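Fold the stuff below for me.
(4 chains)
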2 protein chains.
Amino acid sequence: MEYTIKGLADLAGVSTRTLRYYDEIGLLKPKRINEAGYRIYGPDEVDTLQQILFYRELGVSLDEIKRIITDPDFNPEQALLDHREKLRARKAQIELLLENIEKTLNQLKGGKPMTDQEKFAGFKKKLVEDNEKAYGAEARKRWGDDAVDESNKKLLNMTEEQYQELEKLTAELNETLKKAMETGDPASPLGQKTAALHKEWLTFFWKEYSKEAHAGLAKMYVADERFKAYYDKIQDGAAEFLRDAIHIYTDKTNE
Amino acid sequence: MEYTIKGLADLAGVSTRTLRYYDEIGLLKPKRINEAGYRIYGPDEVDTLQQILFYRELGVSLDEIKRIITDPDFNPEQALLDHREKLRARKAQIELLLENIEKTLNQLKGGKPMTDQEKFAGFKKKLVEDNEKAYGAEARKRWGDDAVDESNKKLLNMTEEQYQELEKLTAELNETLKKAMETGDPASPLGQKTAALHKEWLTFFWKEYSKEAHAGLAKMYVADERFKAYYDKIQDGAAEFLRDAIHIYTDKTNE
DNA sequence: CCTTGACCTTTCCGTTACGTCAAGGTGTAT
DNA sequence: ATACACCTTGACGTAACGGAAAGGTCAAGG
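Residues are numbered from 1 along each chain as shown, chains lettered A, B, ... in the order given. Below you'll find the model as predicted:
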């Protein structure tokens, strides 16, 4: 099937100006030009336009799209799989915004107030994209740790200030844990200060604190390899020490 | 809570440049300017920015947003309800695109081929918006029948050509129906031609044709007030006549 | 006290992805 | 033969910022 410029434009729901522009920048050249100078598009161009629109829909710049689809290694199937992932992420974002609306409506009707943070949940589209790019170890090499940390911070929806406070608290926690381990006793004042700091640290991530959950997390610190490795890097046996300290801490405040 | 420009920017996930621009165009003025000339934002500005971002997310121009939120009749709750509707529509559009991807992937793997129309299903975002605006009888007054017809055509995902063919066919069907009714006999050649034309007309909307479904639709034409009114406007009793003609037609080709 | 470094200001030019004329050629249905 | 709906190439306009220049402000640390 062959199309004139308006035929293809109507088919795809874009303007003829758009198709001429795509021709101009070399993104989508017509299959041929007829005697009268008209642009004639064929089946291949139809499929390419479909791919272009998928990328455009996802906010990729035309320049980038051109780079991608003219790449000799371009794999249409993989591209579609990528699109699917992105679209699912976008769907999730919309669901976040819908939740946000429900909360805001609730607040308007005299329900519980929202924090300023919550008011902007779901809007950080670009940041989510950045995170996607930054995902994985390879990203750290390509953009450096700073970029990845930046992205994480944004994902956590924190202000600069809060993030710095978290960093400080993390450092203090690790420092105190190290010192406490020198005493060798999880029940010692330093050991218990570590547990208290850990509770404070947790409030950055948890909406509500409960002793049970805290104690449960402590157990997991030893059971889960990833957590264990993180704490053992500070000092060998740190995960176990922290677990014990937390258990004593949560038991103590229980009575 | 008060924020400096970067504080609010970080909170909302926008750039400071964006906030300065919003100030410049009068969309979001800071609560006050301090002695040093710094922009200081308060709680009201936080809430306004949230509303702005909702509208922006939905593709409303900043000019339009300004008009909306400075309107003395502006109702924040109604606005949120509107946002919710739009977001749900967008979610539906994404689901359409996801279906499109599945189909395209299936075709790549040697599954059944897609029509060129299908390849662009889900992309007509602007057209869907237009349709939303054009929805309801009031819209016909405001934009005229042409605009609404245009929108309908696009929604049906037809090319200009196909649409013209449909219009022609519709006219021919109505014409033939009128003439056939003069004979008074649904079984007459003209009556049967009407039924045949109706079948052809149906293929514009149905993916697959079956005599049973066709006969069923004919019954509905009489039972459903809306359909009955449409055909009776052509001539009184037209719905019944067409139903009978179709029943004879589908019975005949049955044997 | 003085210097850093992260903030803040205004001004101005650049960019992307087209929309919108303008001025003219083409194709075909009546 | 004349509409009328197509097509062409310029060329200018636009929205919503990004980014750089040139400079003022402020809290923290040596």
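
these two touch, right, A:I94 and B:L87?
Yes. Counting by Cβ atoms under 8 Å, a contact exists between A:I94 and B:L87, whose distance comes to 5.5 Å. Any C-beta I mention is one placed from the backbone N, CA and C, and that applies to glycine too.

between those two, who's got more neighbours?
B:L87 (21 against 18; other Cβ atoms under 10 Å in any protein chain shown).

Remind me which helix or strand that one belongs to.
Following DSSP states H and E, one finds B:L87 within helix B:76-108.

name the helices or strands packed onto that helix?
On a contact count with 3 or more Cβ pairs under 8 Å, 6 or more residues apart in numbering or on different chains; DSSP states H and E, helix B:76-108 meets helix A:43-57, helix A:76-108, helix B:43-57, helix B:116-119, helix B:125-134.

Could you check that helix and say which residues are buried?
For helix B:76-108, burial by neighbour count (16 or more other Cβ atoms under 10 Å in any protein chain shown) applies to B:79-80, B:83-84, B:86-87, B:90-91, B:93-94, B:97-98, B:100-101, B:103-105.

And stretch A:172-188, by the same measure?
Quick answer for stretch A:172-188 (16+ other Cβ under 10 Å): A:L173, A:N174, A:T176, A:L177, A:A180, A:M181, A:D185, A:P186, A:S188.

Once you drop chain neighbours, what's closest to the third one?
I take that to be A:T176. Spatially, and ignoring its direct neighbours in sequence, A:T176 is nearest to A:T194 (4.9 Å; Cβ to Cβ, 6 or more residues apart in numbering or on different chains).

Which residues does the helix or strand hosting that neighbour contact?
Element membership of A:T194 [criterion: DSSP H and E] is helix A:189-202. By Cβ atoms under 8 Å, 6 or more residues apart in numbering or on different chains, the list of residues contacting helix A:189-202 from outside reads A:166, A:169-170, A:172-173, A:176-177, A:179-180, A:183, A:185, A:209, A:214, A:217, A:241-242, A:244-246, A:248-250, A:252.

my guess is A:Y55 meets A:I68, correct?
Yes. Judged on Cβ under 8 Å, A:Y55 makes contact with A:I68 at a distance of 6.9 Å.

ok so, going back, now the helices and strands packed on helix B:76-108 as JSON lines including distance to A:D232 and mean pLDDT?
Shown next, in JSON lines, are the helices and strands packed on helix B:76-108 (distance: least, Cβ to Cβ, whole Å; pLDDT from 0 to 100):
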{"stretch": "helix A:43-57", "distance to A:D232": "44", "mean pLDDT": "93"}
{"stretch": "helix A:76-108", "distance to A:D232": "34", "mean pLDDT": "87"}
{"stretch": "helix B:43-57", "distance to A:D232": "43", "mean pLDDT": "92"}
{"stretch": "helix B:116-119", "distance to A:D232": "54", "mean pLDDT": "76"}
{"stretch": "helix B:125-134", "distance to A:D232": "52", "mean pLDDT": "44"}
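
Just send these back as a markdown table, with distance to A:A121 too.
Formatted as a markdown table, those follow (distance: least, Cβ to Cβ, whole Å):
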| stretch | distance to A:A121 |
| --- | --- |
| helix A:43-57 | 23 |
| helix A:76-108 | 5 |
| helix B:43-57 | 10 |
| helix B:116-119 | 36 |
| helix B:125-134 | 24 |
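
So which of these is nearest B:Y21?
helix B:43-57 (11.6 Å; Cβ to Cβ).

between the buried residues of stretch A:172-188, which is nearest A:G110?
A:L173 (39.1 Å).

any idea how far A:T170 lies from A:D82?
A:T170 sits 35 Å away from A:D82, going by Cβ to Cβ, to the nearest Å.

Over to A:A121?
Note on A:A121: its distance to A:D82, by Cβ to Cβ, is 26 Å.

Flag every residue of the stretch 51-200 of chain A that's near DNA strand C.
A:R56, A:S61, A:L62, A:D63, A:E160 (Cβ under 7 Å from any atom of the strand).

Got a quick PyMOL command for the buried subset of these?
Of those, the buried ones go into a single PyMOL selection, burial set by 16+ other Cβ under 10 Å:
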select buried, chain A and resi 56+62
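
can you tell me which of the residues of the stretch 51-200 of chain A next to DNA strand C lies nearest to B:T16?
For those, the nearest to B:T16 is A:E160 (12.1 Å; Cβ to Cβ).

and A:R32, backbone torsions?
With angles defined as degrees, to the nearest 10, A:R32 sits at phi -160, psi 170.

show me where the stretch 151-255 of chain A has helices.
For the stretch 151-255 of chain A, the helices defined by DSSP state H, counting those that start in this stretch cover A:160-183, A:189-202, A:211-223, A:225-234, A:238-252.

and the last one, C-alpha only, in CSV?
Going back to what we said before, that points to helix A:238-252. What follows is helix A:238-252, C-alpha atoms only, in CSV (Å, rounded to 0.1, in the frame of the first residue of the first chain):
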residue,chain,number,x,y,z
ALA,A,238,28.4,-6.0,62.9
ALA,A,239,25.1,-7.3,61.6
GLU,A,240,24.8,-9.8,64.5
PHE,A,241,25.8,-7.1,67.0
LEU,A,242,23.3,-4.7,65.7
ARG,A,243,20.6,-7.3,65.8
ASP,A,244,21.3,-8.1,69.4
ALA,A,245,21.4,-4.5,70.4
ILE,A,246,18.1,-3.8,68.7
HIS,A,247,16.5,-6.8,70.3
ILE,A,248,17.6,-5.7,73.8
TYR,A,249,16.4,-2.1,72.9
THR,A,250,13.0,-3.2,71.8
ASP,A,251,12.5,-5.6,74.7
LYS,A,252,13.5,-3.0,77.2
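
so what does it touch, helix or strand wise?
Packed next to helix A:238-252, using 3+ Cβ pairs under 8 Å, 6+ apart, are helix A:160-183, helix A:189-202, helix A:211-223, helix A:225-234.

By mean pLDDT, point me to the weakest helix or strand of chain A.
One helix or strand of chain A scores below all others by mean pLDDT, DSSP states H and E: helix A:137-155, with a mean of 39.

Understood, closing this out.
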